[in-house]
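Colleague: Let me see the structure of the following:
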Amino acid sequence: MNLGRLLVIWTARHMLALLLIILILVAARYAVPPITLWVQEQVRIARTGPVQRAALTRALEDYERYAAARQVAAERRSESLRRAPEAMLRSRHAAIPPAIAREEEATLTGSELALAGVRGDPQSIFNHYRARAEIGLLRREMQAIDTLLAARVADRSRASLAQRRLQAVQQLDASRARWLAAREQAQVLNRRPLAPARNYVCQNAPLGVGCENYRALTRANEAMEAAAAQHARARRQIAAIDAAMRGLAVKDQAVVGAASILERQSAEARAERARVEQIARGNWLVWIGRPMLDVLPTALAILAAAILGPVFIKAILFFLVAPLAARRQPLRLLLKDGGCIRDAGSGSAASQMVRLEPGHELLILPEAVQSVPERSEKRTKWLLSWSMPLSSLASGMVALVRIRVQSADDVVISATDNGFAEVALIEIADGSAMVLRPRALRGLLQPIGQPLSISRHWRLRHLSAWLTFQFRYLVFHGPCSLIVEGTRGVRLEPAGSGRGINRAATLGFSAGLAYSVSRSEAFGAYLLGKQELFNDSFRDGPGYYLYEEVPRLGTRGGLWGRGLRGLGDAALKVFGL
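Modeller: Okay, here's the model as predicted:
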């Protein structure tokens, strides 16, 4: 690549970097401040919203209690005003404006009311709505006093109003009678012969002679007009008197409106609380935090139960149940057992050389075979025992290789579990038997035509079985040799007068031994999952017990168990696998 091309690439790369830097700075200038303000506002609402809502709720509860008592007092006050003398009414009327001024000092502006909510001051909020309600009630009381005073003035003239109305009615009737008489007279004059023509002549060319009829008609019409005017005046006078008498009825009406005034302030407080809640519902912090806070007590209770529950249960098992189980009679699966079991190799190792004689066959997992004689006969045996297909499947003893030879030869086998596993060859003599967990079995050596005998023994009535959750034991009867695998090695030791071992490490024991459980030594080790609750105890030989040097990985439960894997292991333990 020449220098010019390198220079162009370098320049283009740095120009693109410059453009990216410019875009980042522009975004930081115009996008970050609005986002910052929005986040700050959301945080403020999330912090102050619950405080405002709680303050408004408390103030509303106080106001509703006040309103219920104040409404009763207002009704009693209205009743007392109607019976009060005029001097007392006027004195009370004069005292109301200063009282209104004092109440107005306790009211808050919109910003002051909002600040009281942010501070969480329900007393100031309550005083605000109480003062507004008192102002409304005082103004209502002043209006009621004005009405009562006007009514009492009008009450003194009630009798005169009735008399004046009677006179006005009489005038109305008299004016109507005069109007009817004048109209009758005019109609009589208009019915005379040639009355219209003579009236026309007398109206347009006044003559002194012969116009008496016209002049009489004119007087009759004037009388009708006067009677009609008097009739109208009487009707207007009657209407005015009726209006005055209706005003007198005000004093008999009950003073109303106290409940509506009090309810108006309560509605305003509820509306303010609804506004605050609406703002809070739109806040994403509140939207996320409120459901979390609602379920937090339940979650804490569940967490406490999850943390303390296993500790409590383990304490009960260790201090109460385990001593009771240790005092029970030991379990003996076979009363007649030779107890003749030995390690046919030189101890456990990563690999073993198994001597295969004619007339014997080796059943082993394919992955455990390292080398075999070329002339050996190899077949597939699908299950360890067709009488126990599920147990064979669960323990992994499926698709076994069956190896037979015509002449004595060696087969090299190795561990299959992990890099720390070792295998051992355990020989069981004829007349002897051994309890073994099939999970440790990798193969077996047996005479041809004399297949391995495996018996099942259930112990549902034994307390230790319920405490260890092992209800079934599989017993392998000799003559045979078992290829057993264990972590860090496998040991076979005589039980003697009595031996104890970590239950998690136990692989098997002679079926004639007295088998029992004893509580582990330290509660702390059991609590932290370092040890099982029970140790296996073996005594009353002859007999041996078999164990792996280190319990297999994953068997320790810790303080709070091993989850689903622990459930699976427990299910296999129930069936002795």
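Colleague: Skip the chain neighbours and tell me the closest residue to residue 230.
Modeller: residue 175 (3.9 Å; C-beta to C-beta, 6 or more residues apart in numbering). In short, each C-beta sits where N, CA and C put it, glycine included.
Colleague: hang on, that neighbour packs against residue 235?
Modeller: No - under the criterion of C-beta atoms under 8 Å, residue 175 makes no contact with residue 235, lying 9.5 Å away.
Colleague: quick one, which of those two is more surrounded?
Modeller: Set side by side, residue 175 and residue 235 give different neighbour counts by other C-beta atoms under 10 Å, the larger being at residue 175 (20 against 15).
Colleague: Now do the contacts for residue 494.
Modeller: Listed by C-beta atoms under 8 Å, 6 or more residues apart in numbering, the contact partners of residue 494 are 541-544.
Colleague: That one bridge partners, please.
Modeller: For residue 494, the beta-bridge partners under DSSP bridges are residue 544.
Colleague: swap in residue 409?
Modeller: Each beta-bridge partner of residue 409 is listed here: residue 356, as defined by DSSP bridges.
Colleague: right, and it touches residue 371 too?
Modeller: No - if you go by C-beta under 8 Å, residue 409 and residue 371 don't touch, sitting 10.3 Å apart.
Colleague: more crowded one of the two?
Modeller: When residue 409 and residue 371 are compared for neighbours, residue 409 comes out ahead with 17 against 12, by other C-beta under 10 Å.
Colleague: Now do the same for the residue nearest the centre of the chain: its pLDDT.
Modeller: The geometric centre of the chain, computed from its C-alpha atoms, lies nearest to residue 295 (C-alpha atoms, centre = their mean), at 4.6 Å. We note a pLDDT of 80 for residue 295 in this prediction.
Colleague: Offset the numbering so it begins at 55, please.
Modeller: Yes, from this point I'll number from 55; that puts the last item at residue 349.
Colleague: Can you tell me the element it falls in?
Modeller: Assigned by DSSP states H and E, residue 349 belongs to helix 338-370.
Colleague: How far off centre is that helix?
Modeller: A distance of 12 Å separates the centroid of the chain from that of helix 338-370, by C-alpha atoms, centre = their mean, to the nearest Å.
Colleague: Which strands and helices lie in contact with that helix?
Modeller: For helix 338-370, the elements it packs on are helix 86-137, helix 577-581, judged by 3 or more C-beta pairs under 8 Å, 6 or more residues apart in numbering; DSSP states H and E.
Colleague: Going along the chain, name the strands of the stretch 405-554 of the chain.
Modeller: Counting by DSSP state E, counting those that start in this stretch, residue ranges of the strands within the stretch 405-554 of the chain are 405-410, 414-418, 423-425, 431-437, 452-458, 463-468, 475-482, 487-490, 495-501, 507-512, 526-531, 534-541, 544-548, 553-556.
Colleague: I'd like those laid out as CSV, including distance to residue 328 and mean pLDDT.
Modeller: Converted to CSV, the strands of the stretch 405-554 of the chain look like this (distance: least, C-beta to C-beta, whole Å; pLDDT from 0 to 100):
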stretch, distance to residue 328, mean pLDDT
strand 405-410, 81, 91
strand 414-418, 79, 93
strand 423-425, 80, 91
strand 431-437, 74, 90
strand 452-458, 70, 91
strand 463-468, 78, 92
strand 475-482, 71, 93
strand 487-490, 75, 93
strand 495-501, 74, 92
strand 507-512, 69, 88
strand 526-531, 68, 91
strand 534-541, 68, 92
strand 544-548, 76, 92
strand 553-556, 67, 87
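Colleague: Just say which of those is most tucked in.
Modeller: Mean neighbours per residue, mean count of other C-beta atoms under 10 Å, is largest over these for strand 487-490, with a mean of 26.
Colleague: helices or strands up against it?
Modeller: Under the contact definition 3+ C-beta pairs under 8 Å, 6+ apart, strand 487-490 sits against strand 526-531, strand 534-541, strand 560-564, strand 598-602.
Colleague: hmm, back to that, of all the strands of the stretch 405-554 of the chain, which one is nearest residue 388?
Modeller: Shortest distance between residue 388 and the strands of the stretch 405-554 of the chain, using C-beta to C-beta, is found for strand 487-490: 5.8 Å.
Colleague: What strands line up against that closest one, and which way round?
Modeller: Each strand that strand 487-490 pairs with, and the sense of that pairing, follows from DSSP bridges: strand 526-531 (antiparallel), strand 560-564 (antiparallel).
Colleague: just to revisit the earlier point, for residue 355, which of the strands of the stretch 405-554 of the chain is the nearest?
Modeller: Using C-beta to C-beta, the nearest of the strands of the stretch 405-554 of the chain to residue 355 is strand 553-556, at 35.7 Å.
Colleague: Could I get the CA-only coordinates of the closest one as PDB?
Modeller: Presented in PDB, the C-alpha positions along strand 553-556 are these (Å, rounded to 0.1, in the frame of the first residue of the first chain):
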ATOM      1  CA  ARG A 553     -18.000 -48.500  62.900                       C
ATOM      2  CA  GLY A 554     -19.600 -45.300  61.800                       C
ATOM      3  CA  ILE A 555     -19.200 -43.400  58.500                       C
ATOM      4  CA  ASN A 556     -20.500 -40.400  56.700                       C
END
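Colleague: who does that strand touch, helix- and strand-wise?
Modeller: Using 3+ C-beta pairs under 8 Å, 6+ apart as the contact criterion, the secondary-structure elements in contact with strand 553-556 are strand 588-593, strand 598-602.
Colleague: Return the distance of that strand from the chain's centre.
Modeller: 51 Å.
Colleague: List the contacts of that strand.
Modeller: 547, 572, 585-586, 589-593, 599, 601, 605.
Colleague: pLDDT (mean, whole number) over the stretch of helix or strand the residue nearest to residue 284 belongs to?
Modeller: Secondary structure here is read from DSSP H and E; on that basis residue 229 sits in helix 212-244. Per-residue confidence for helix 212-244 averages out to 73 on the pLDDT scale.
Colleague: Stretch 153-165 too?
Modeller: For stretch 153-165, the per-residue pLDDT averages 85.
Colleague: I'd like the C-alpha coordinates of that stretch written as CSV, please.
Modeller: Backbone C-alpha positions of stretch 153-165 (Å, rounded to 0.1, in the frame of the first residue of the first chain) are rendered in CSV as follows:
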residue,chain,number,x,y,z
ALA,A,153,-65.5,37.2,61.0
ILE,A,154,-65.4,36.7,57.2
ALA,A,155,-62.2,38.8,57.1
ARG,A,156,-60.6,36.6,59.8
GLU,A,157,-61.5,33.4,57.9
GLU,A,158,-60.1,34.7,54.7
GLU,A,159,-56.7,35.1,56.3
ALA,A,160,-56.7,31.3,56.8
THR,A,161,-57.3,30.5,53.2
LEU,A,162,-54.4,29.5,50.9
THR,A,163,-53.6,30.4,47.3
GLY,A,164,-53.2,27.7,44.7
SER,A,165,-49.4,27.6,45.1
